[in-house]
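In: Sequence first, predicted coordinates after that:
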Amino acid sequence: MTMSEASRPHEPGGPTPPGRPRALRAAVVTGLVVAGLVVSGALLVPRGLLDEPAPLVVARAAGLAAEPAPVEPRWVARAEPTPPRDGVPPAQRPNVVLITADDMAATDLRWMPRTRRLLGGAGVRLTSFLSNHPICCPARAEILTGQYAHNNGVHDNDGRYGGHQALLRPHDTLGAWLRDAGYRTAFVGKYLNGWELAPGRQIGWTVFNPLLRDVYRYVGFTLFNDGSPRTYPRGYSTDVIGRYARTTIRRFSRDDVPFFLWVAPVAPHNRMSPAGWRPPGVAPRHRDLFASVEPPSLDNPSFNEVDVSDKPLWVTRERLLPPDRARTDHRARVRSLAALDEQVARIVASLEEAGELDDTVVAFTSDNGYLLGEHRMHGKNLPYEESLKVPFLARGPGLPDGEVRGAQYGLVDLAPTILDLADARSQDRVLDGRSMLGTLRRGGGGYPTYLIQASTRNVPWWWRGVRSSRFTYVRYTSGFQELYDRARDPAQLVNVAADPSYAAVVARLSARLDQLADCSGRTCW
């Protein structure tokens, strides 16, 4: 059973120390800019005084080209957020901007220099950050809920146990928690799979603008636009989503209310064409970029693994991936990420122009990783490193510059971390993840063993396992087991589950998996 898109048509610490009040800071910035213009007499665009194209002052300095003016978000009249009954006043808490790629492997970060510099170089990078449930909808549900699939209900992208319709208590999610804490909230981009089949505004979002139709078409897609759908017959998806995000930042920055913005483009996910799934769409300006780059998978000993007799049956039946196919797909993927790399820089520039950058945590990650020929596989939802490991970078107040941490965390920990930053709390959900804030600030921390799992359509579980700093252990519903000693075998070539010298390791990790299988809250730690 291949795990390519062709065979899965349904898939395409404490609060931050308070800073200077926002209104005062904005006034100071504006005053300094105006004073500088009066003294010099220069005909310059004063930063922070215009809606557009002021952020391009910074963007051009970063080597980015000008863009057309964005469309203003449609604002639906609703009650303003109110401060919580206790805790840190909203105006003294940081904004949070979360940017998520789609199907981006950790190694793909190599081709995003602006993101590495602006977020990693000016913040913290985690090298053992995982997608606990490495496929789109369950991963995004983890971000929304801070819970594993066995607690939030979303096991797969669709089917009996999957999709948006499987999410338990959809009103009790991250957007609503932050709204109750006094934040303005916005979402733009790819939401939970299946939402577009019965679209509606989700509780908790001040601005709600998911992709509505033709989600995986990079040109010719439709955005929900807060209930007034707008189709973009010519705009490139990543660019349009980025412009909308930046306009939202400028609107949210006009008062002292903190905000949370989740930006979720589809790059580098494959695109859907009339002929089926194809490599991701590329912006015209990037069509000739990276013409000679080689996919990292070609240098991995696991590429088109020769001896797969110790792997599950579905791996032994998989065909070899032609190296030229891996090259074609990889180059399209990193070209699509070039536009996202630009948008990350533009979002940082917009925050700087608005006087909000010093009070904003900006984080970047992906919903899952991706294999390009490793173990003969082409896809995701697999218990191998290329599928599990995703990038994570974050900058912001209280975070050090240029630090790299090896602590093991994952997507289920994002919601607890954001709540920690916002001095907020969930409603009725018991969060399975935990805050990473202490680790991001000071190091240490992480999980000694971490639950990993996957499902397929109408089967609640396909495989479940645990990952430690050294071992990956997986148990399939068929009873087949995999164990990889990554210290000795980083490419995961030799399954040692049946090796008598590893019997104690198998017993220990199997028992730990049994403990985590129905865990909730702190019992997941």
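Out: Arrived safely.
In: Surely Phe480 touches Trp314?
Out: No: judged on C-beta atoms under 8 Å, Phe480 makes no contact with Trp314 at a distance of 10.0 Å. Yep, even glycine has a C-beta here, placed from its N, CA and C like the rest.
In: how close does Gly379 sit to Asp359?
Out: 40 Å (C-beta to C-beta, to the nearest Å).
In: likewise Gly182?
Out: 14 Å.
In: Can you give me the neighbour number for Ala345?
Out: Ala345: 25 surrounding residues under other C-beta atoms under 10 Å.
In: so which helix or strand takes in the residue lying closest to it once chain neighbours are set aside?
Out: The spatial neighbour of Ala345 that comes closest, neighbours along the chain excluded (C-beta to C-beta, 6 or more residues apart in numbering), is Arg114 at 4.2 Å. Using DSSP states H and E, Arg114 sits in helix 113-115.
In: From the rest of the structure, what touches that helix?
Out: The contact list for helix 113-115, computed with C-beta atoms under 8 Å, 6 or more residues apart in numbering, reads 62, 109, 340-342, 344-345, 364, 393.
In: Between these, which sits nearest Thr100?
Out: Using C-beta to C-beta, Phe364 comes nearest to Thr100 of these, at 7.7 Å.
In: Now do the top strand by length along the chain: which elements does it pack against?
Out: Assignment by DSSP state E gives strand 459-468 as the longest strand of the chain. With contacts taken as 3 or more C-beta pairs under 8 Å, 6 or more residues apart in numbering; DSSP states H and E, strand 459-468 sits against strand 449-456, strand 471-476, helix 503-516.
In: switch the cut-off to 10 Å
Out: With contacts taken as 3 or more C-beta pairs under 10 Å, 6 or more residues apart in numbering; DSSP states H and E, strand 459-468 sits against helix 149-152, helix 385-388, strand 403-410, strand 449-456, strand 471-476, strand 481-485, helix 503-516.
In: Nearest to Glu294, out of these?
Out: helix 385-388 (15.6 Å).
In: list the buried ones in that closest one?
Out: By neighbour count on 16 or more other C-beta atoms under 10 Å, the buried set for helix 385-388 is 385-388.
In: what's the closest of these to Asn300?
Out: Checking the buried residues of helix 385-388 one by one against Asn300 (C-beta to C-beta), the nearest turns out to be Glu386, at 8.1 Å.
In: pLDDT value on the closest one, please?
Out: Glu386 carries a pLDDT score of 98 in this model.
In: Neighbours of the residue lying closest to it once chain neighbours are set aside, how many?
Out: With C-beta to C-beta, 6+ apart as the criterion, Glu386 has its nearest non-adjacent residue at 4.6 Å, and that residue is Leu371. A total of 26 residues lie near Leu371 under the criterion other C-beta under 10 Å.
In: my read: Leu371 touches Glu385, true?
Out: Yes: with contact defined as C-beta atoms under 10 Å, Leu371 reaches Glu385; the gap is 9.2 Å.
In: what do these two both touch?
Out: Taking C-beta atoms under 10 Å, 6 or more residues apart in numbering as the criterion, Leu371 and Glu385 both touch 105, 300, 302.
In: Looks like the last one contacts Ser387 (just checking).
Out: Same thing as Ser302. No: the pair Ser302 / Ser387 is not scored as a contact, 11.9 Å apart, by C-beta under 10 Å.
In: Now for these two: what residues contact both?
Out: In contact with both Ser302 and Ser387: 371, 374-375, 377, using C-beta under 10 Å, 6+ apart.
In: Turn those into JSON lines, columns for pLDDT.
Out: As requested, these are exported to JSON lines (pLDDT from 0 to 100):
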{"residue": "Leu371", "pLDDT": "98"}
{"residue": "Glu374", "pLDDT": "98"}
{"residue": "His375", "pLDDT": "98"}
{"residue": "Met377", "pLDDT": "97"}
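In: Which of the residues you listed fall within strands?
Out: Short answer: those in strands (DSSP E) are Leu371.
In: can you tell me which of the shared contacts of Leu371 and Glu385 are in strands?
Out: Per DSSP E, the shared contacts of Leu371 and Glu385 never map to strands.
In: Make TSV out of these and add neighbour count, pLDDT and distance to Ala267.
Out: TSV is the format used below for those (neighbours: other C-beta atoms under 10 Å; pLDDT from 0 to 100; distance: C-beta to C-beta, whole Å):
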residue	neighbour count	pLDDT	distance to Ala267
Ala105	29	97	13
Asn300	22	98	23
Ser302	22	98	25
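In: Relative to Leu516, which of those residues is nearest.
Out: Nearest to Leu516 among the shared contacts of Leu371 and Glu385: Ala105, at 25.0 Å, using C-beta to C-beta.
In: The closest one contacts Tyr370, doesn't it?
Out: Yes: using C-beta under 10 Å, Ala105 is in contact with Tyr370, at 4.7 Å.
In: joint contacts of the two?
Out: Any residue near both Ala105 and Tyr370 by C-beta under 10 Å, 6+ apart counts here, and that gives 268, 297, 330, 333, 380, 386-387, 390.
In: Any of those residues buried? List them.
Out: Applying 16+ other C-beta under 10 Å to the shared contacts of Ala105 and Tyr370 flags 268, 297, 330, 333, 380, 386-387, 390 as buried.
In: Out of those residues, flag the one nearest to Trp195.
Out: Nearest member of those to Trp195, counting by C-beta to C-beta, is Lys380, at 20.0 Å.
In: what about that closest one, distance to Pro268?
Out: 12 Å.
In: for Ala326, same thing?
Out: From Ala326 to Pro268 the distance is 14 Å (C-beta to C-beta).
In: Also Cys524?
Out: Distance from Cys524 to Pro268, counting by C-beta to C-beta: 30 Å.
In: just Ile99 next, same as before
Out: 14 Å.
In: shared neighbours of the two, which are they?
Out: With C-beta under 10 Å, 6+ apart, Ile99 and Pro268 have common neighbours 340, 366.
In: Which among the shared contacts of Ser302 and Ser387 count as buried?
Out: In the shared contacts of Ser302 and Ser387, the ones that pass as buried (16+ other C-beta under 10 Å) are 371, 374-375, 377.
In: Save those residues as CSV, and put in distance to Lys190 too.
Out: Compiled in CSV, those are given as follows (distance: C-beta to C-beta, whole Å):
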residue, distance to Lys190
Leu371, 21
Glu374, 25
His375, 27
Met377, 23
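In: And the furthest pair within these?
Out: Using C-beta to C-beta, the two most remote members of those are Leu371 and His375, lying 6.9 Å apart.
In: Can you pull the residues that touch both of these two?
Out: 300, 302-303, 382, 384, 386-387.
In: Out of the residues you listed, which comes closest to Trp463?
Out: Closest approach between the shared contacts of Leu371 and His375 and Trp463, by C-beta to C-beta: Leu382, at 8.6 Å.
In: the strands in the stretch 51-200 of the chain, which residues?
Out: Applying DSSP state E, counting those that start in this stretch to the stretch 51-200 of the chain gives strands spanning 95-101, 124-130, 184-189.
In: Mean neighbour count for the ones you listed - can I get that in JSON lines?
Out: As requested, those are exported to JSON lines (neighbours: other C-beta atoms under 10 Å):
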{"stretch": "strand 95-101", "mean neighbour count": "25"}
{"stretch": "strand 124-130", "mean neighbour count": "22"}
{"stretch": "strand 184-189", "mean neighbour count": "25"}
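In: what's the closest of those strands to Tyr409?
Out: strand 124-130 (5.7 Å).
In: State the mean pLDDT of the closest one.
Out: 98.
In: Convert the C-alpha atoms of it to PDB, please.
Out: Provided in PDB are the C-alpha atoms of strand 124-130 (Å, rounded to 0.1, in the frame of the first residue of the first chain):
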ATOM      1  CA  VAL A 124      15.600  29.900  19.400                       C
ATOM      2  CA  ARG A 125      15.600  26.700  17.200                       C
ATOM      3  CA  LEU A 126      14.500  23.300  18.500                       C
ATOM      4  CA  THR A 127      16.200  20.400  16.700                       C
ATOM      5  CA  SER A 128      14.000  17.600  18.100                       C
ATOM      6  CA  PHE A 129      10.600  19.100  17.400                       C
ATOM      7  CA  LEU A 130       8.000  16.500  16.300                       C
END
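In: any idea how far it is from the chain center?
Out: Relative to its chain's centre, strand 124-130 lies at 12 Å (C-alpha atoms, centre = their mean, to the nearest Å).
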